[in-house]
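> the sequence and its predicted three-dimensional model are supplied below.
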Amino acid sequence: MSDTTSTGSGAATPTRRQLIVGLVRYGMFIALALWLVAMSLASEYFLTPTNILNVMRQAAPVIIIGVGMTFVMATAGIDLSVGSTVALVSVLTAGWLALGLPAWVVLPLVLAVGAAVGMANGFIITLGVPAFVVTLAGLTSIRGFAFVYSDGYATPITDPVMIWIGRGDILGVNTPFAISIAVAVLGWFLLNRTRFGLHALATGGREEAARVMGLAINRIKILVYAMTGALAALAGIVVSARLSNGSPNSGVMLELEVIAATVLGGTSLFGGRATIAGTVVGALLIYFVRNGLNLLGVNPYWVQVVTGIILVVAVLMNTVLNQKVESWARAAGEDES
């Protein structure tokens, strides 16, 4: 009689538990699929190749930086300076190209600048200063350097290599998105198949336990911030190439979009849990939602409101609902055993 009651209600069967946990854990993937279907029915222009490629090109910088931000958040950190790093790299790239330096010299140099900025952030954080404070200071000071270097003016970019990076394509896929996918694949490999990724997750999960285990916590933090700075520099190259100019105003508020995409994808704000695939989906969801609302003629200010609401819902799912559902599933499993 008791067996019939427990299985008949189906309230705590393993299959149902797995389904509910999966719906919460992969909610953003489902949301993206549903949005694509809904918008394809609402607008005839939404699923056209031109529109899809345009959205992918716009999302590319967020995906690129988001890979680095995923590692930073895996260690329970945050980097608010990435948008300003994009601006600094943008003006340096345009300025050095204007001086006559070839692209094959300029590009490695600005990538090194981005890595150095990130490394400096990481080093100061290891001294005990909160990551929020360090990178918030970087957000203002780094963009200040960009304005000082450029005198507040945008510099045009005509180098053919840069034009190809911003507007070319690789096997029919626009170059910015192809670069972002290559970065995402490499980031996935590092996070899931290397000791570096495992150690980053361990650092964010329980830092003191990781330290007792003998992990080089300070080195890990410096490396993840250096990587994020280098990826922000790469995104700065892509943005400058796409717009064909280097501007100190590049990347304004970009750090918030990156954080939103990373959190939307399921990476924990408190460290220990991260997903590169989720970050990619989070970035695409933000830009497809924005693009769809624009195609429907929604006021741009309301588009910003909707984006903010999506972020709040994502954080709610990430920090509250996800934990409650997983705790419920574990408790139900223990009761069954």
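Looks like it arrived, so ask away.

> now the strands for the stretch 101-250 of the chain?
Taking DSSP state E, counting those that start in this stretch as the criterion, the stretch 101-250 of the chain contains strands spanning 155-156, 169-170, 173-174, 245-246.

> nearest to residue 29, of those strands?
Smallest distance to residue 29 across the strands of the stretch 101-250 of the chain (C-beta to C-beta): 21.0 Å, for strand 173-174. Backbone N, C-alpha and C define where each C-beta goes, glycine included.

> now the closest residue to residue 224 other than its chain neighbours: which helix or strand?
Counting by C-beta to C-beta, 6 or more residues apart in numbering, residue 71 is the residue found nearest to residue 224 once chain neighbours are left out, at 4.3 Å. Here residue 71 sits within helix 49-74, counting by DSSP states H and E.

> what residues sit buried inside that helix?
51, 53, 55-74 (16 or more other C-beta atoms under 10 Å).

> go on, stretch 140-148?
Buried, per 16+ other C-beta under 10 Å, within stretch 140-148: 142-143, 145-146.

> try stretch 187-202
By neighbour count on 16+ other C-beta under 10 Å, the buried set for stretch 187-202 is 187-188, 190-191, 197, 199-202.

> pipe the residues you listed into CSV and attach pLDDT and distance to residue 13 per row.
Formatted as CSV, the buried residues of stretch 187-202 follow (pLDDT from 0 to 100; distance: C-beta to C-beta, whole Å):
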residue, pLDDT, distance to residue 13
187, 97, 36
188, 97, 33
190, 97, 37
191, 96, 33
197, 95, 34
199, 95, 37
200, 96, 36
201, 95, 31
202, 95, 33
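
> in JSON lines, list these along with distance to residue 208.
As requested, the buried residues of stretch 187-202 are exported to JSON lines (distance: C-beta to C-beta, whole Å):
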{"residue": "187", "distance to residue 208": "27"}
{"residue": "188", "distance to residue 208": "28"}
{"residue": "190", "distance to residue 208": "24"}
{"residue": "191", "distance to residue 208": "22"}
{"residue": "197", "distance to residue 208": "20"}
{"residue": "199", "distance to residue 208": "14"}
{"residue": "200", "distance to residue 208": "16"}
{"residue": "201", "distance to residue 208": "15"}
{"residue": "202", "distance to residue 208": "11"}
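
> can you flag which of the residues you listed belong to helices?
187-188, 190-191, 197, 199-202 (DSSP state H).

> which stretches of the stretch 51-200 of the chain form helices?
Along the stretch 51-200 of the chain, counting by DSSP state H, counting those that start in this stretch, helices occupy 82-98, 103-126, 131-150, 160-167, 175-193, 195-205.

> so which residue is dead centre in the protein?
Per C-alpha atoms, centre = their mean, the C-alpha nearest to the average position across the chain is that of residue 66, at 1.8 Å.

> could I get the pLDDT score of that residue?
pLDDT, residue 66: 97.

> what sits closest to it if chain neighbours are left out?
Closest to residue 66 by C-beta to C-beta, 6+ apart is residue 279, at 4.2 Å.

> cool, residue 147 as well?
The nearest residue in space to residue 147 (C-beta to C-beta, 6+ apart) is residue 248, at 4.5 Å.

> give me phi/psi at residue 168?
phi -80, psi -170 (degrees, to the nearest 10).

> ok, it touching residue 178?
No. Assessed by C-beta atoms under 8 Å, residue 168 is found out of contact with residue 178, at 9.2 Å.

> show me the shaky parts of this protein.
1-12, 17-18, 20-26, 314, 317-323, 325-327, 329-337 (pLDDT under 70).

> rerun that using 90 as the cut-off
Applying pLDDT under 90 to the chain picks out residues 1-35, 47, 49-50, 170-173, 205-208, 211, 213, 260, 263-273, 297-337.

> before we move on, back to that, could I get the helices of the stretch 51-200 of the chain as TSV with distance to residue 287?
Output for those, formatted as TSV (distance: least, C-beta to C-beta, whole Å):
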stretch	distance to residue 287
helix 82-98	16
helix 103-126	23
helix 131-150	22
helix 160-167	17
helix 175-193	11
helix 195-205	26
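
> any idea which of the ones you listed is most buried?
helix 82-98 (a mean of 27; mean count of other C-beta atoms under 10 Å).

> helices or strands up against it?
Contacts defined by 3 or more C-beta pairs under 8 Å, 6 or more residues apart in numbering; DSSP states H and E place helix 82-98 against helix 49-74, helix 103-126, helix 131-150, strand 155-156, helix 217-243, strand 245-246, helix 254-264.

> dump these to JSON lines, plus distance to residue 290.
Below are the helices and strands packed on helix 82-98 laid out as JSON lines (distance: least, C-beta to C-beta, whole Å):
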{"stretch": "helix 49-74", "distance to residue 290": "9"}
{"stretch": "helix 103-126", "distance to residue 290": "26"}
{"stretch": "helix 131-150", "distance to residue 290": "23"}
{"stretch": "strand 155-156", "distance to residue 290": "27"}
{"stretch": "helix 217-243", "distance to residue 290": "17"}
{"stretch": "strand 245-246", "distance to residue 290": "23"}
{"stretch": "helix 254-264", "distance to residue 290": "10"}
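
> out of these, flag the one nearest residue 274.
helix 49-74 (3.9 Å).

> what's the angle between that closest one and helix 217-243?
160 degrees (axes from the mean of the first three to the mean of the last three C-alpha atoms, to 10 degrees).
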